[in-house]
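In: Fold the following, please.
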Amino acid sequence: MSHTSATFVIDSQEPHALAFAPETGVDYGGLTLSKTFTGAIEGSSTVEMLYTRTPGENGSYAGAGYVALERISGSVDGRRGSFALLHISTVVENEPPLSRYPISPGSGTGDLAGMSGVGLITIDDDGTHTLHLDYELG
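Out: Okay, here's the model as predicted:
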């Protein structure tokens, strides 16, 4: 299994409403995000996200969760193509998030065809976002 990582920036976020009936104290919504990756992963992505948030005290969240589909296009360790990354994450108050980011089976194209594995997103204290990817090429 190969390990690689790259920092990324979120270039844009476009919120959109969902067709859920309003619930007192629970916020449902969606976001379309664009990202740019720099490092061993070079390229860009589009993310379609659905989320729920329950407000807590002092502007925090008592609970939150999201699912998303992300298509990353560019190169991974010099191999060009694209692949889909699936996101699922939950947060309860100030606890660390419980997250999983598997590569969608069969989604790799070009030099990334047959790619499998799992990712992890970390956010440093200074706000730097990094995608860590453990992957194999079939």
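In: residue ranges with poor pLDDT in this protein?
Out: Across the chain, no stretch falls below the confidence threshold (pLDDT under 70).
In: Point to the residue nearest the middle of it.
Out: residue 87 (5.3 Å; Cα atoms, centre = their mean).
In: what about residue 10, how many residues close to it?
Out: 13 (other Cβ atoms under 10 Å). Placement of C-beta: from N, CA and C, glycine included.
In: If it is in a bridge, with which residues?
Out: Bridge pairing for residue 10 (DSSP bridges) gives the partners residue 35.
In: buried residues in stretch 17-31?
Out: The neighbour-count check on stretch 17-31 (16 or more other Cβ atoms under 10 Å) flags residue 31 as buried.
In: End to end on that stretch, go ahead and measure it.
Out: Taking Cα to Cα, to the nearest Å, stretch 17-31 runs 9 Å from one end to the other.
In: what do you get for stretch 55-66?
Out: Stretch 55-66 has its terminal residues 15 Å apart, counting by Cα to Cα.
In: ok, which stretches of this protein are strands?
Out: In the chain, the strands defined using DSSP state E lie at 2-16, 27-39, 41-55, 61-76, 79-92, 98-102, 115-123, 129-137.
In: between these, which gets nearest to residue 108?
Out: Closest of the strands of the chain to residue 108 is strand 115-123, at 3.5 Å (criterion: Cβ to Cβ).
In: The closest one - contacts with which helices or strands?
Out: Helices and strands in packing contact with strand 115-123 are listed as strand 79-92, strand 98-102, strand 129-137; criterion 3 or more Cβ pairs under 8 Å, 6 or more residues apart in numbering; DSSP states H and E.
In: now for those, which one comes closest to residue 112?
Out: Smallest distance to residue 112 across the helices and strands packed on strand 115-123 (Cβ to Cβ): 3.4 Å, for strand 79-92.
In: and residue 74, what are its bridge partners?
Out: In this structure, residue 74 has the following beta-bridge partners (DSSP bridges): residue 43, residue 81.
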